[in-house]
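Engineer: Pasting the sequence and the predicted model now:
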Amino acid sequence: MPQYIYRSAHELARLIRDGQATSMDIVKEHVDWVKERNGALNAVVALFEAEALATAAERDRQTRDGRFLGPLHGVPVTIKEQFWIQGKKSTINATMHKDFVAPEDAVIVDRIRKSGAVLLGHTNVCRMLVDYQVWGDIYPEGKNPYNTDYTPGGSTGGGAAALAAGFSPLELGGDLGGSIRVPSNFCGLYGLKPTEKTVPLHGNIPLPKNANTLLVHMTQAGPLARTLDDIEILWKVIVGPHENERDIARIEWRAPMKASLSDYRIAWVDGWADHPVSSQVSAAIKSLVVTLQQHGGRVEHRTPEGNLHEESLDLWMGIFPYIVAQGAPWFVRPLIKRDLNSRVLKGVTKHRKEFDRAFRMSANHYGEMMLRRNLMIARWEHFFADSDFLICPVAFGPAYPRTQVGTRLSYDGTDMVYADYVWPFVACFNASGHPALQIPLGLGKEGLPLGVQIVGPYWSEPELIAFARQVAKLTDGFVKPAG
């Protein structure tokens, strides 16, 4: 039986520090576990076996000398394939990037190395990072460890599957439209999308030749893990400004101020006016709310004034094209738009006005979107002035069966366009930039994980994690591992 698989990063680091385990033993066991089981899931697309074992040996030498580099000293960590690792390919599963080799580590990958971690491998992603399944031009299709007929979510689906299968205790992911929270939800994990502009993104995606623009909005890197302790450890490692990214705020992070559930004011919804959820997800959220009330929590069914949720989705659609089509020649932009409309956004009819305008790459329209976004963020912040956090769904239901992208989905007696199963519940908080933490709530009737996201005001991550710990004491804490 394995000794170290499914143990937390926090526990593994403690074992190494206390001399009860070596990094070599821990990393070797994870390498062997990946080699034995990855073929059924396609979660890890590049296993850095030789480098990982060499680094583990170096970490053990440092341990013997009494030198500990940081909180992840000797612990294996996997990295989403979009992030640069010097000398390794970063293709985002697309033929056009198949030859891109990272010239250096991403800023946050460098921080993870300096924390003492051992980089175990790159994990699978969907093509161009635009889907909630894991497929593409280069790597085989990713699968959910709880049931391989189902998607693990996307675009950090390979990383979520790797964690759920015990391949790694920690994963570095990225989130532009739910790409941390959805895979975490579908695979029974914790996943944090930090406040926008708090984690550096240099080395985030492969750059096309002669690229001369790099607009970054609505996206953020963050941790996926099986425990909240591990979420907090990796968040603290990667967060903070860098000399090459002057727009990353230098935040005076405040320690958690509240000691019990009764100290928090919690708003909740089990769906939105135009986007209800399945009976199973609604019941899970309502059950959590009742549990919080029984333990002194002050909860209120409350939504922002007006139709702020839909307006946020409208803003996302009006900004997203600038991210995915920036720098593309005018004659290529219609091809990108057609690809989106025939796949992940097939059948979506709302929010089309701003989406179409954005593909013209108008400076005036871009400026209008930025102004509207600032006003929208202020309105969400006004909402959080009266509620510490908002509990809300991550998806219509649990993970859905792997299928052709764009296929209409049916669950719980409801038939819907492909994107509506997930996108409306998560993209709103990419548009607003607010921190959001997915937490698992156990297994549903199909044996698939269920979860919920907790959203907070800007820069509330320490308190958000502290509140999630209070919630975890009242639930199973985390879903039973898929292994």
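Structural biologist: Cool, got the structure.
Engineer: Show me what counts as buried in the helix or strand hosting residue 112.
Structural biologist: Here residue 112 is covered by helix 107-114, with elements defined by DSSP states H and E. Of the residues in helix 107-114, those with enough neighbours to count as buried (16 or more other C-beta atoms under 10 Å) are 107, 108, 109, 110, 111, 112, 113. All C-beta atoms are positioned from the backbone trio N, CA, C, and that covers glycine.
Engineer: hang on, residue 317 in a helix?
Structural biologist: Yes: for residue 317, which was evaluated using DSSP: H, G, I helix; E, B strand; the rest coil, the result is membership in a helix.
Engineer: which residues touch the residue nearest to it when sequence neighbours are not counted?
Structural biologist: The shortest distance from residue 317 to any non-neighbouring residue, by C-beta to C-beta, 6 or more residues apart in numbering, is to residue 351 (3.9 Å). Residues near residue 351 by C-beta atoms under 8 Å, 6 or more residues apart in numbering: 313, 314, 316, 317, 318.
Engineer: By neighbour count, which of the residues you listed wins?
Structural biologist: Counting neighbours by other C-beta atoms under 10 Å, residue 316 leads the contacts of residue 351 with 27 neighbours.
Engineer: From residue 30, how far off is that one?
Structural biologist: The gap separating residue 316 from residue 30 is 37 Å, by C-beta to C-beta, to the nearest Å.
Engineer: What of residue 152?
Structural biologist: 19 Å.
Engineer: try residue 219
Structural biologist: 29 Å.
Engineer: Show the residue spans covered by the strands in the stretch 351-483 of the chain.
Structural biologist: Under the criterion DSSP state E, counting those that start in this stretch, strands of the stretch 351-483 of the chain are mapped to 389-392, 409-411, 414-416, 436-443, 449-455.
Engineer: Output the below-cut-off pLDDT ranges for this structure.
Structural biologist: Applying pLDDT under 70 to the chain flags residues 208-214, 476-481, 483.
Engineer: Quick check: phi and psi at the residue sitting nearest the centre point of it.
Structural biologist: The geometric centre of the chain, computed from its C-alpha atoms, lies nearest to residue 180 (C-alpha atoms, centre = their mean), at 1.2 Å. Main-chain dihedrals, residue 180, degrees, to the nearest 10: phi -100, psi -50.
Engineer: does it really touch residue 194, like I thought?
Structural biologist: No: counting by C-beta atoms under 8 Å, residue 180 does not reach residue 194; the two are 9.4 Å apart.
Engineer: who touches both of these two?
Structural biologist: Taking C-beta under 8 Å, 6+ apart as the contact criterion, the residues that touch both residue 180 and residue 194 are residue 222.
Engineer: coming back round to it: next, work out how far apart the residue nearest to the centre of the chain and residue 400 are.
Structural biologist: The spacing between residue 180 and residue 400, counted by C-beta to C-beta, is 18 Å.
Engineer: Could you do residue 181 as well?
Structural biologist: Plainly put, residue 181 is 16 Å away from residue 400 if you go by C-beta to C-beta.
Engineer: ok, now which ones touch the residue nearest to the centre of the chain?
Structural biologist: Shown in contact with residue 180 (C-beta under 8 Å, 6+ apart): 156, 173, 174, 191, 192, 193, 222, 224, 438.
Engineer: and the fifth one, backbone torsions?
Structural biologist: Its backbone dihedrals place residue 192 at phi -110, psi 120, with angles given as degrees, to the nearest 10.
Engineer: one step back: which of the contacts of residue 180 sit farthest apart?
Structural biologist: Comparing all pairs in the contacts of residue 180 by C-beta to C-beta, the longest separation belongs to 174 and 438, at 14.3 Å.
Engineer: Show me which of those two is the more surrounded one.
Structural biologist: Higher neighbour count among residue 174 and residue 438: residue 438, with 30 against 24, using other C-beta under 10 Å.
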